[in-house]
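**Student:** Let's see this in three dimensions:
(2 chains)
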Amino acid sequence: MSVVVTLALFVSSWLIGCGLLRLFAWPVAETRTAKLGTAALAWLVGNAVTATFYVALRSLGVDGRVSLVFWELALACGIGVTIVSLRSRRVDPLAPTLHVRRPRYLLAGVVSIFLITILGACVGVCSCYVEYPEGRTDAWAIWNLAARFLAADGDAWTGQFNAANAHPDYPLLVPGALARCWRLAGGDASIIAARALHVLFAASLCGLFVASLARTRGVVVALLAGAMLLAPSQFSHYAAVLYADLPLASFFLAAFVVMEEAERRGGANRCWALAGMLAAFAAWTKNEGIVFLVVVGAAIAWSQRRVPHGRRLVARWALGAAPVVLLIATFKVFLMPANDLVAGYSHWVEKVAVPARYFAIGLGLLDSWALRPVAMLLLIALVVGVRPNRGATAQAATKTCIAMLAVFCAVYLTTPFDLATHLRTSLPRLLLQLWPLALWTIFNTVNWDRLAPGTAGVPPAPAMAKYARDRLRRERRLAR
Amino acid sequence: MRYIERLRPKLALALVGLLLLAIVRDSVTQLGGLGLSANQLKTHAEERALLERFTRLRELPAQGGAALPTEIGFHMLAPNTEDVEDAKRDSALLRSMVQYGFAPLRVVADDQATIVLAVARDATTPLSVPAGYALIAEAGGGCWWLERVAP
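**Tutor:** Okay, here's the model as predicted:
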């Protein structure tokens, strides 16, 4: 029974996500790939919002299952009513996608490789389930334990913030999502729900990634990128061991996918607020997300400084992020103890002056799993060249990836922990967090059309002109 | 110069080919995990047998009046993080318990390199570390101290 209720809760999250996408004027999906992307994005948004809402309700003292269900229904109704009152049901279709003739053998080859990588990833996930039935150490010592606290009766949930626990300062989006399932479904804290949650996060990430690239760079390039995303064993491993790194990577990617769509549509539309909210959800997923939020904010402000209405759209982005940031700040200031990494900082000036530490970090990066594929892609970019007129969002994505990597290196340089242990235990996961966004950025940057004309490129000019005419007509109709 | 320009697409195609080969190789490696999983299942059976040695675990309800142990936490104390990591990796007991289906509550460090089992009252009530110690004391009037067991 609890499995059925858990499934119903996932569906409910997805429906709430769909409603929120309408509310934020996310364009109507017309093609199959666009529908896939919209469905994945709806699940990410809906799951994040319902998890955050659950944690907020618990912190306000709402405890009973019936009350929690009532408030979630109220949230869904509230979104529905707002959509109707704002008349947001009529929104633009997505900008035209590519209509190019692809050689059939090329498409068949890429599809086959993509299917093999999906199969490989599924096997990888199942192998990890056998090896780690309860997830790996951080899963049961941090994330699932936090979920157990959040699902507990009465005030027991505040036990999560006991300083004796493992990392009680970690954000609560993933534990909140799991606790919502456990609490509302009743019964034992099922590991099946945790597995389903993490697999859905990984699937949404993959769906959004492929759909987004299919729209901008064509299906062949998108499937090639999707195969590359899934191929490293780290992807399936961290999807199966119930860590929060892949959910975090999902929000990193989703924030940029939404920003790119907002940029394509032009003007300071509501999608910018959605992008801000997704970036803030990254901060509510893991502490690295807080760094991401700051870096992305700075990158957007810099990239949009010369764009017409640039300030307005940055303000919309910040407005979207604000409610979640406020929640995070409340928890960080009033409930959560200090982060061990921040609290333990000392003698950092001496550490910065030690060349061996730079050498160790450099060696760690050179030895990492992500180096070879990224180096190969960069080599291809060097040979083929960079796409002209990439847009401000693509440039902001490049800056964000580089800045995030720089921040990670700076943290390693000054870490209060043993550097070798810190690198060994966290570097593969940190690279995985950036992996989808970095791939998305590189695949969006490389000029694939020079390699094989017709496989990727910009939509044909007549299609863009028709799209602009349709948009203008819709806006006039709405204005009337 | 013109020769380099002509060579460029071929070089790029060769690089993409290498990339595809790398992708397929990684996926095939993951598919090979099917055989490893079978071996892993066999290892689990051995670890379950190891767990059977902890007969005191089965005596818990009789001793403390607590419900059947639906959750078990264990605490290892060590002087620094590195030791904790080593202890986590090395402890066959810890792995066995996790794989046996018990959800441990928390791991901390102990310089005595011993493991404490804490039993929760029911599956939905998590334990903080102090509460875990209190419950151990309440349940049996002491702790179940287990020597580290070699696998």
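
**Student:** what about chain B, any weak spots by pLDDT?
**Tutor:** Counting by pLDDT under 70, chain B contains low-confidence ranges at B:1, B:33-151.

**Student:** Tell me which residue in it sits closest to chain A.
**Tutor:** In chain B, the residue that lies nearest chain A is B:S27 (3.3 Å; C-beta to the nearest C-beta). Glycine gets a C-beta too; all of them are placed from N, C-alpha and C.

**Student:** Would you mind confirming that that residue makes contact with A:T117?
**Tutor:** Yes - between B:S27 and A:T117 there is a contact under C-beta atoms under 8 Å: 4.6 Å.

**Student:** Mutual contacts of those two, please.
**Tutor:** Counting by C-beta atoms under 8 Å, 6 or more residues apart in numbering or on different chains, the common neighbours of B:S27 and A:T117 are A:A227, A:L230, A:A231.

**Student:** what's the closest of those to chain B?
**Tutor:** Chain B lies nearest to A:A231 out of the shared contacts of B:S27 and A:T117, by C-beta to the nearest C-beta, at 4.0 Å.

**Student:** Not counting the helix or strand in which A:V174 is found itself, show me its contacts.
**Tutor:** Using DSSP states H and E, A:V174 sits in helix A:173-185. Residues outside helix A:173-185 that contact it (C-beta under 8 Å, 6+ apart) are A:2-3, A:5-6, A:9-10, A:13, A:47-48, A:50-52, A:54-55, A:58, A:65, A:68-69, A:72, A:143-144, A:146-151, A:160, A:189-190, A:193-194, A:197, A:244, A:247, A:281, A:284-285, B:124.

**Student:** follow-up on the earlier one: the residue of chain B closest to chain A and A:T445, how far apart?
**Tutor:** 25 Å (C-beta to C-beta, to the nearest Å).

**Student:** of these two, who's got more company?
**Tutor:** Neighbour count, other C-beta atoms under 10 Å in any protein chain shown: between B:S27 and A:T445, B:S27 has more, with 27 against 20.

**Student:** residues in contact with the residue lying closest to that one once chain neighbours are set aside?
**Tutor:** In space, and not counting its chain neighbours, B:S27 is closest to A:G120: 3.3 Å by C-beta to C-beta, 6 or more residues apart in numbering or on different chains. By C-beta under 8 Å, 6+ apart, the contact list for A:G120 reads A:L230, A:A231, A:S236, B:D26, B:S27, B:V28, B:T29, B:Q30, B:L31.

**Student:** One more: A:K286?
**Tutor:** Here A:K286 is in contact with A:Y170, A:P171, A:A244, A:D245, A:L248, A:Q433 (criterion: C-beta under 8 Å, 6+ apart).

**Student:** Next, the buried residues of whatever helix or strand the last one lives in.
**Tutor:** Secondary structure assigned from DSSP H and E places A:Q433 in helix A:419-445. Within helix A:419-445, the residues that qualify as buried by neighbour count (16 or more other C-beta atoms under 10 Å in any protein chain shown) are A:419, A:421-423, A:425-445.

**Student:** related to what we said a few turns ago, okay if I get the shared contacts of B:S27 and A:T117 as CSV plus secondary structure and pLDDT?
**Tutor:** Below are these laid out as CSV (DSSP: H, G, I helix; E, B strand; the rest coil; pLDDT from 0 to 100):
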residue, secondary structure, pLDDT
A:A227, helix, 94
A:L230, helix, 93
A:A231, coil, 91
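
**Student:** tell me what the helix holding A:Q433 is packed against?
**Tutor:** In terms of contacts (3 or more C-beta pairs under 8 Å, 6 or more residues apart in numbering or on different chains; DSSP states H and E), helix A:419-445 is packed against helix A:191-217, helix A:219-230, helix A:233-240, helix A:245-265, helix A:355-366, helix A:371-384, helix A:392-414, helix B:81-90.

**Student:** so which of these gets nearest A:G109?
**Tutor:** Nearest to A:G109, of all the helices and strands packed on helix A:419-445, is helix A:219-230, at 9.1 Å by C-beta to C-beta.

**Student:** for that closest one, packing partners?
**Tutor:** helix A:104-131, helix A:191-217, helix A:419-445, helix B:2-31.

**Student:** make it 7 Å
**Tutor:** Helices and strands touching helix A:219-230, by 3 or more C-beta pairs under 7 Å, 6 or more residues apart in numbering or on different chains; DSSP states H and E, are helix A:104-131, helix A:191-217, helix A:419-445.

**Student:** now the angle between helix A:233-240 and it, please.
**Tutor:** Angle, helix A:219-230 to helix A:233-240, by axes from the mean of the first three to the mean of the last three C-alpha atoms, to 10 degrees: 70 degrees.

**Student:** how much does helix A:219-230 deviate in direction from helix B:2-31?
**Tutor:** Helix A:219-230 runs at 50 degrees relative to helix B:2-31, counting by the same axes, to 10 degrees.

**Student:** Give me the distance from helix A:219-230 to the chain's centre.
**Tutor:** 18 Å (C-alpha atoms, centre = their mean, to the nearest Å).

**Student:** Format the CA atom coordinates belonging to that helix as PDB.
**Tutor:** Extracted in PDB, the C-alpha atoms of helix A:219-230 (Å, rounded to 0.1, in the frame of the first residue of the first chain):
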ATOM      1  CA  VAL A 219      19.000  15.100 -32.000                       C
ATOM      2  CA  VAL A 220      22.300  13.600 -33.100                       C
ATOM      3  CA  VAL A 221      24.500  15.800 -31.000                       C
ATOM      4  CA  ALA A 222      22.000  15.500 -28.000                       C
ATOM      5  CA  LEU A 223      22.100  11.700 -28.100                       C
ATOM      6  CA  LEU A 224      25.900  11.700 -28.400                       C
ATOM      7  CA  ALA A 225      26.000  14.100 -25.400                       C
ATOM      8  CA  GLY A 226      23.500  11.900 -23.500                       C
ATOM      9  CA  ALA A 227      25.700   8.800 -24.100                       C
ATOM     10  CA  MET A 228      28.700  10.700 -22.800                       C
ATOM     11  CA  LEU A 229      26.700  11.900 -19.700                       C
ATOM     12  CA  LEU A 230      25.700   8.300 -18.800                       C
END
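
**Student:** buried residues in the helix or strand in which A:V291 is found?
**Tutor:** For A:V291, the host element (DSSP H and E) is helix A:287-303. Within helix A:287-303, the residues scored as buried using 16+ other C-beta under 10 Å are A:287-293, A:295-297, A:299-300, A:303.
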